[in-house]
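> Predicted coordinates and the sequence they were generated for:
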Amino acid sequence: MRRTLLLLRLLAMAFLPLLISCGKRKAPYITMNGTAFHTTYRIIYRSEEDLMEEIQATMKSFGESLNNFDTLSLISRVNRNETHLADSLLARVILTAQAVSRATGGVYDITGSPYFEAWGFGTKGKIRHAPTPEQLDSLRQYVGYDKISIREDSIVHKADPRVTVHAVSLSKGYLSDLIGHTLERHGVSDYMVEFGGELVCRGQNAQGSCWRVGINRPVEDSTSTIQEIRYILSICDRGALATSGDYRNFTFVDGKKVAHTIDAGTGMPANQNILSATVKAPTCIEADAWATAFMGLGLQRAIEVLRDQPRLEVLFIYVDEENKISTYTKGLSPVEAP
């Protein structure tokens, strides 16, 4: 009888962890909203632990390295030639950007900021008259992805000391990656990080289904704040997505509309037929850079370049030959928004 009671107690103890496990509630989803680096962000993750301090520490490290608007950041000091030593963040930005630059023949180039300034999209503000060919030629001396490199000892080498690096075209995507890595280091497997429209997601949302991402209708109005969703994408398990568009970022120079995508190979506005480019890639830094690059390439060249980029999936909203808005997709399956 005692042996029977002992056996029953042992069996009960063996099943106790299972019963506790079955009865344990799932961790809640935590949401963070805010603004940083001149844009908004939204972070949703499932965890028993509040990771706000860890996320903010990641943002701080990012800003100290890559914030072009902070005169004390590493990238600003490298641009002023006060140091030539890159950290891992700056090195990653330069190497990723150069890969996209080579693939696009220099249309995409993070050294092209002087051209943006010349066309009134930089920190100096708008311009009334277009830069002359002579002015653009003078800038070509220190613009070009082949004029900067990272050596094995993490030293930034410039062919001309006036060469500068501006990470704005891929920094939001990279920060989304970094925050995602921070969450994963703390055991988070269900999350969505959206920073300025570029996002990384993994696992499932709070409803236990795929993350759903809205793609805006390209309404050509630089003053509008209305975000009308045209397509919805479902991102299951893991994904990195970025969208770039010209339809709300333009100015008028000499009475003509000039969109903010500048072809860094020529110094001229790209004026291509793609209104918005959405890219899914293995990392958000790549998706962000490629979305900008495709805007500069235009539809036909973008399709040609895509043949050599099997890891990329895209959704292009463009103006066709009949001046109608059309779409081109590779890999992605957009659904019309209700």
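On my side now, so go ahead.
> Just the helices from the chain, written as ranges.
Here the chain has its helices, by DSSP state H, at 2-23, 52-66, 74-79, 88-103, 113-118, 133-139, 168-185, 284-297, 299-306.
> Among those, show me which one is buried the most.
Across the helices of the chain, averaging neighbours per residue (mean count of other CB atoms under 10 Å) puts helix 284-297 on top, at a mean of 29. (Each C-beta comes from the backbone N, C-alpha and C, glycine too.)
> a markdown table please, covering the helices of the chain and showing mean pLDDT and distance to Gly239.
Shown next, in a markdown table, are the helices of the chain (pLDDT from 0 to 100; distance: least, CB to CB, whole Å):
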| stretch | mean pLDDT | distance to Gly239 |
| --- | --- | --- |
| helix 2-23 | 39 | 30 |
| helix 52-66 | 97 | 20 |
| helix 74-79 | 97 | 28 |
| helix 88-103 | 96 | 18 |
| helix 113-118 | 77 | 30 |
| helix 133-139 | 78 | 38 |
| helix 168-185 | 96 | 11 |
| helix 284-297 | 96 | 9 |
| helix 299-306 | 96 | 18 |
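> need the ones you listed in a markdown table with distance to Ile232, can you?
A markdown table is the format used below for the helices of the chain (distance: least, CB to CB, whole Å):
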| stretch | distance to Ile232 |
| --- | --- |
| helix 2-23 | 35 |
| helix 52-66 | 27 |
| helix 74-79 | 36 |
| helix 88-103 | 27 |
| helix 113-118 | 32 |
| helix 133-139 | 41 |
| helix 168-185 | 19 |
| helix 284-297 | 18 |
| helix 299-306 | 22 |
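> Quick check: which of those helices is nearest to Ile215?
If you check each of those against Ile215 by CB to CB, helix 284-297 wins as the nearest, at 11.6 Å.
> could you check the angle helix 88-103 makes with the closest one?
Calculated by axes from the mean of the first three to the mean of the last three CA atoms, to 10 degrees, helix 284-297 forms an angle of 30 degrees with helix 88-103.
> Please look at Glu194 and Thr39 and confirm they touch.
No. Counting by CB atoms under 8 Å, Glu194 stays clear of Thr39, with 10.2 Å between them.
> Comparing the two, which residue is more hemmed in?
Regarding Glu194 and Thr39, a neighbour count based on other CB atoms under 10 Å identifies Glu194 as having more, with 22 against 13.
> residue contacts, that one?
By CB atoms under 8 Å, 6 or more residues apart in numbering, Glu194 lies in contact with 41-43, 176.
> what do you get if the cut-off is 6 Å, keeping everything else the same?
Arg42 (CB atoms under 6 Å, 6 or more residues apart in numbering).
> any idea of the pLDDT on it?
At Glu194, the model reports a pLDDT of 96.
> ditto for the one 4 residues further on
Reported pLDDT at Glu198 in the predicted model: 95.
> Show the contacting residues for it.
Counting by CB under 6 Å, 6+ apart, Glu198 has contacts 172-173, 176, 242, 284, 288.
> can you list these in JSON lines and add distance to Leu95?
Shown next, in JSON lines, are those (distance: CB to CB, whole Å):
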{"residue": "Lys172", "distance to Leu95": "18"}
{"residue": "Gly173", "distance to Leu95": "15"}
{"residue": "Ser176", "distance to Leu95": "18"}
{"residue": "Ala242", "distance to Leu95": "18"}
{"residue": "Cys284", "distance to Leu95": "16"}
{"residue": "Asp288", "distance to Leu95": "14"}
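> Which single one of the residues you listed is nearest to Lys26?
Checking the contacts of Glu198 one by one against Lys26 (CB to CB), the nearest turns out to be Ser176, at 24.6 Å.
> Verify the stated contact: that closest one with Thr283.
No. Taking contacts as CB atoms under 6 Å, Ser176 lies outside contact range of Thr283: 9.1 Å.
> pLDDT weak spots in the stretch 101-250 of the chain?
By pLDDT under 70, the low-scoring segments of the stretch 101-250 of the chain are 119-129, 219-227, 246-250.
> If we use 80, what do you get?
For the stretch 101-250 of the chain, applying pLDDT under 80 flags the ranges 115-132, 135-136, 138, 218-227, 246-250.
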